[in-house]
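In: Provided below are the primary sequence and the corresponding predicted coordinates.
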Amino acid sequence: MTQNAIIWPEKYLPGTTDNYCSNEVIVAGLTTNEVWPYLSNPFFWPKYYSNSSDIEFINRESQLLNQDVRFRFKTFGFPIEAQITEFVKPESGQPARLAWHGWAEGDAETRLDVIHAWLIEDLPGGRVRILTQESQIGKPATTLANTKPNPMINGHQDWLDGLVKAVKENVKID
């Protein structure tokens, strides 16, 4: 069986940036359609991922993620402005995809640029695969890459674990 992969813009190709992290879980008894609402609604993230807060949409008419939507949130101590670069809802036979270009404004010492991408796909045997990867550019990214334990790997694992738990417990989305 061939697994799907994240689609990277060339500038953010893993191995060419200052930091890259990849986290994945495969869980039995869940589907892409069950997971998607918990990921595609950023106002729900803080309910299961404590490293996400202060979500707001730049275009106030938007309150859900969709292609090209811009939003802000805080994570890892950084205020991030982001724009959705890939938004593919679940469809039979193809993975759901969500990606954003995010950045923290600053000078050469403090600016951070990232692509954060998610891929969710149903697997044989009633399983779902949830993959999240992030590729980062900037001095803060270099600092994060050299920090042990790696805060990005650990933080994104917390996000995955919280997401799975919220879906399994059918936590209400408000």
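Out: Received the coordinates, thanks. None of these values were measured; they are calculated from a predicted model.
In: can you list the buried residues in the helix ranked longest in the chain?
Out: Longest helix in the chain, counting residues (DSSP state H): helix 151-168. Within helix 151-168, the residues scored as buried using 16 or more other C-beta atoms under 10 Å are 151, 152, 155, 156, 157, 159, 160, 162, 163, 164, 166, 167. Every C-beta, even on glycine, is put in place using the N, C-alpha and C of the backbone.
In: quick one: residues contacting the first one.
Out: Spelled out, it's residue 151. Applying C-beta atoms under 8 Å, 6 or more residues apart in numbering, we find residue 151 in contact with 76, 144.
In: do a quick rundown of the helices in this protein.
Out: Using DSSP H, helices in the chain cover 32-40, 45-48, 139-145, 151-168.
In: tell me which of these lies nearest to residue 129.
Out: helix 32-40 (8.8 Å; C-beta to C-beta).
In: mind listing what's buried in that closest one?
Out: Buried, per 16+ other C-beta under 10 Å, within helix 32-40: 32, 35, 36, 38, 39, 40.
In: ok, stretch 17-35 next?
Out: For stretch 17-35, by 16+ other C-beta under 10 Å, it's 17, 18, 19, 20, 21, 23, 27, 30, 31, 32, 35.
In: a markdown table for those residues, including distance to residue 115 and pLDDT?
Out: Shown next, in a markdown table, are those (distance: C-beta to C-beta, whole Å; pLDDT from 0 to 100):
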| residue | distance to residue 115 | pLDDT |
| --- | --- | --- |
| 17 | 9 | 98 |
| 18 | 13 | 98 |
| 19 | 12 | 97 |
| 20 | 10 | 98 |
| 21 | 12 | 97 |
| 23 | 15 | 98 |
| 27 | 25 | 98 |
| 30 | 26 | 97 |
| 31 | 26 | 97 |
| 32 | 21 | 97 |
| 35 | 21 | 97 |
